[in-house]
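J.: make a model of this:
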Amino acid sequence: MSQKKVQLLNPLSGNINVAGVITASSFVGSGEGLTGVASTDNIQTATEATFLSGVKITGVTTASGGVVGNLTGNVTGNATGLSGTPNITVGSVAASSGTFSGNVSIGGTLTYQDVTNIDSVGIITAQKGIQVLANGLDVTGFSTFKTGVSVTGVVTATSFSGDVNAATFDTGVGGVVVTGVATATTFSGELVGAAVTTSSTGLQASDVDLAGLLREQVTVTAGKLSDNTNINLQNGMVHLFTTTETTTSTPNLRYNASTTLNSKMAIGEAISVTLITKAAAAAYSAQLTIDGSSVTENWTGGDAPSDGGSSGVDIHAYTIIKTADATFTVLATQTKTS
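T.: Now for the predicted structure:
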């Protein structure tokens, strides 16, 4: 039995409404009149497709050949072959790791943690200081810190130059190790070690060997001792007065104008003070005060001075021993060079 075939001799000029499925190997035409294409599982095209008003995708987009143009939204996977200026513009980047073979320029604030190495060919400025933890700080060049350095580990250096201010210095583990020369205009805080320690009263040493030149600062005053009787030992233990004396004087030993010598010395400690004046027969110092209070001098030879030298300089040397609070034993000597 033969089947009858229907052939459309003329294309339809109207619409075709199909309630089921239309399957075709290809569609020809612009497709500009297609509507209601909302649930298509796959759309494949062998040529480039252009979308004039954008594409909204709620699922996953996979592009094996790359993406050209602006891309917004959440992006996962690997991005390679990026080009253009700028390459990527985002609000924030969160990544577990990153590798940069070129330069990285940051205009804002860089916050980071656990950096292995920092290689800087310029100047690193730390406005709020640098905190160094267990492994220590290794500096081969010159570093300047404006607001200080907090170190909980070990700082090792062949030399220090300038002001050194810290809460604790330790010559052993956990502090400052100096293998060369340490030079500083001031030291503030505690020096703690096997041989060297400090307290609130100053530097203490249980066993110190000095093999080189030992120098001491001398305070030189362009005037007379009788006009400058307050001796501030903060400025040194040797004081030289370059103007010829004309009368007697009573030196007053103190640490400075606001701090007493008594507060800087512990019981059982001793200091030595030397006062050098340009000699005059009527100029000598037979008495001494400490922190403004009179003391009893024990003069070498048994008698207090009664005159000064006729020329040269006169030297008054004092050894002060603190025996109790604000109580001192004073050993005194006058030497005339005339």
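J.: so which strand or helix has the residue lying closest to Ile267 once chain neighbours are set aside?
T.: Once flanking residues are discounted, Ile267 sits nearest to Lys322: 5.5 Å by Cβ to Cβ, 6 or more residues apart in numbering. (C-beta placed from N, C-alpha, C; glycine too.) For Lys322, the element it lies in under DSSP states H and E is strand 313-324.
J.: pull out the buried positions in that strand.
T.: Within strand 313-324, the residues scored as buried using 16 or more other Cβ atoms under 10 Å are Val313, Asp314, Ile315, His316, Ala317, Tyr318, Ile320, Lys322.
J.: can you pull the contacts of the third one?
T.: This means Ile315. Thr274, Leu275, Ile276, Thr333, Gln334, Thr335, Lys336, Thr337 (Cβ atoms under 8 Å, 6 or more residues apart in numbering).
J.: cutoff 6 Å now
T.: Ile315 makes contact with Ile276, Thr335 under the criterion Cβ atoms under 6 Å, 6 or more residues apart in numbering.
J.: the residue nearest to Ile267 against Ser263, yeah?
T.: No: Lys322 lies out of contact with Ser263 (Cβ atoms under 6 Å); the separation is 10.7 Å.
J.: count of neighbours near the nearest residue to Thr289 once chain neighbours are set aside?
T.: What sits nearest to Thr289 in space, not counting adjacent residues and going by Cβ to Cβ, 6+ apart, is Asn252, at 4.5 Å. Residues lying near Asn252 (other Cβ atoms under 10 Å) number 16.
J.: any idea how far Asn252 lies from Leu288?
T.: According to Cβ to Cβ, to the nearest Å, Asn252 and Leu288 sit 8 Å apart.
J.: worst mean pLDDT across the helices and strands of the chain, which element?
T.: Lowest mean confidence among the helices and strands of the chain (mean pLDDT, DSSP states H and E): strand 164-170, at a mean of 49.
J.: coming back round to it: can I get the strand holding Lys322 in PDB, CA atoms only?
T.: Output of strand 313-324 as PDB, limited to C-alpha atoms (Å, rounded to 0.1, in the frame of the first residue of the first chain):
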ATOM      1  CA  VAL A 313      94.700  75.500  89.700                       C
ATOM      2  CA  ASP A 314      93.300  74.100  92.900                       C
ATOM      3  CA  ILE A 315      91.700  70.700  92.900                       C
ATOM      4  CA  HIS A 316      89.000  69.700  95.400                       C
ATOM      5  CA  ALA A 317      88.200  65.900  95.200                       C
ATOM      6  CA  TYR A 318      85.400  64.300  97.000                       C
ATOM      7  CA  THR A 319      84.400  60.600  97.600                       C
ATOM      8  CA  ILE A 320      80.800  60.400  98.600                       C
ATOM      9  CA  ILE A 321      79.500  57.200 100.300                       C
ATOM     10  CA  LYS A 322      75.800  56.700 100.900                       C
ATOM     11  CA  THR A 323      75.400  55.000 104.300                       C
ATOM     12  CA  ALA A 324      71.600  55.600 104.800                       C
END
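J.: so what's the residue count around Thr58?
T.: Thr58 has 4 nearby residues by other Cβ under 10 Å.
J.: and for Ala126?
T.: Neighbours of Ala126 under the rule other Cβ under 10 Å: 14.
J.: what about it, distance to Ser53?
T.: Distance, Ala126 to Ser53, using Cβ to Cβ: 52 Å.
J.: same question, Val121
T.: Val121 is 51 Å from Ser53, by Cβ to Cβ.
J.: repeat that for Lys322.
T.: Shown here: Lys322 relative to Ser53, a distance of 93 Å by Cβ to Cβ.
J.: and for Ile276?
T.: Remark: distance between Ile276 and Ser53 (Cβ to Cβ) = 98 Å.
J.: do the same with Thr327
T.: 98 Å.
J.: more crowded one of those two?
T.: A count of neighbours by other Cβ under 10 Å puts Thr327 above the other of Thr327 and Ser53, at 13 against 5.
J.: which pLDDT value does the model give the more buried one?
T.: With respect to pLDDT, Thr327 scores 97.
J.: what do you get for the one 10 residues further on?
T.: pLDDT, Thr337: 94.
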